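Visitor: What shape does this take:
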Amino acid sequence: MIILAVANQKGGVGKTTTAVNLGAGLALEGYTSLIVDLDIQASATKGLIGDISPEMAGMTEVLMDSVPLTDIVVPTDTEKLFIAPANETLAEVDIKLARKQDREMVLHKALHNPALRRYSFVIIDTAPYLGLVTLNALLASHRIIIPVTPEYLPLLGLKLLCKTLDALKEEHNARYKILGYLLTMYDPRERITMEAETLLRQRFGDEVFSKPIRINTKLKAAPAQHKTAFQYEGIDGRGAEDYREFTLEVLRRLGERG
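Guide: I've put the predicted structure just below:
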């Protein structure tokens, strides 16, 4: 089981869209995949299955009450794609986690459940800030994918993010590595897009995924219908094409494809 976190301290860069469609892309390639929703807005949950009822256990109960993660997993409309859902009570978990012993490793322990070995991949969607919940996601992961929009301020924020990730890795003796940086909301008609891409590739070289995710209003519309890009656009749609190429490159980088 390979655990991937999709993370960036900057909001609005396409973390949830990337987590959901990477999970769907892996499922379409035949890999049983689980999305773990750790975004305090529960965006992945809402985009795939809708709001969960207040009495239904979710990631809050996994982190706070030691409910087994396997107990909350539900299927999605995509075969082989499952989700560990969340609701907005997740916003309260950062404060409550501070009182728990080994508070940074709660998710790590929850994922070390033999019953989860049925999943080839776990993809964790994270919140746009570095609280205890996001720290749990990072410390539980093998690899981190960092979406970034081709704009000046998000690029500046990457410097701080990289320093933070390095410091956390050293402080907690963490095992994660950065799998790559993914350009999202890419519009080649805009000069800033090309300038930002050049700067990103100069700074990070081959760590930047080769094909960006192009700007696409259908990617924004799909969650309202509880669909992935592959379902909403069809397999030949632009967003589906971009995320399929991204999925295949993820697999190549992980050694799962030649």
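Visitor: contacts, neighbours, all on C-alpha from now
Guide: Noted.
Visitor: Check which element follows the biggest helix by length in the chain along the chain.
Guide: Ranked by residue count and defined by DSSP state H, the top helix of the chain is helix 152-172. As assigned by DSSP states H and E, the chain's next helix or strand after helix 152-172 is strand 177-183.
Visitor: tell me the mean pLDDT for that next one?
Guide: The average pLDDT within strand 177-183 is 95.
Visitor: buried stuff in the helix or strand following it?
Guide: The first helix or strand that comes after strand 177-183 along the chain, using DSSP H and E, is helix 191-204. Buried positions in helix 191-204, judged by neighbour count with 16 or more other C-alpha atoms under 10 Å: T193, M194, A196, E197, L200.
Visitor: just how off-centre is helix 191-204 within its chain?
Guide: Centroid separation for helix 191-204 versus its chain: 23 Å, with C-alpha atoms, centre = their mean, to the nearest Å.
Visitor: in terms of contact, does G58 touch P85 like I think?
Guide: Yes - with contact defined as C-alpha atoms under 8 Å, G58 reaches P85; the gap is 5.3 Å.
Visitor: Touching both of the two, which residues are there?
Guide: Residues touching both G58 and P85 comprise I72, with contact defined as C-alpha atoms under 8 Å, 6 or more residues apart in numbering.
Visitor: Quick check: buried residues in stretch 63-81?
Guide: L63, M64, V67, P68, L69, I72, V73, T76, T78, K80, L81.
Visitor: any idea of the mean pLDDT for the longest helix of the chain?
Guide: 82.
Visitor: pull the helix or strand with minimum mean pLDDT from this protein.
Guide: Lowest on mean pLDDT, DSSP states H and E among the helices and strands of the chain sits helix 152-172, with a mean of 82.
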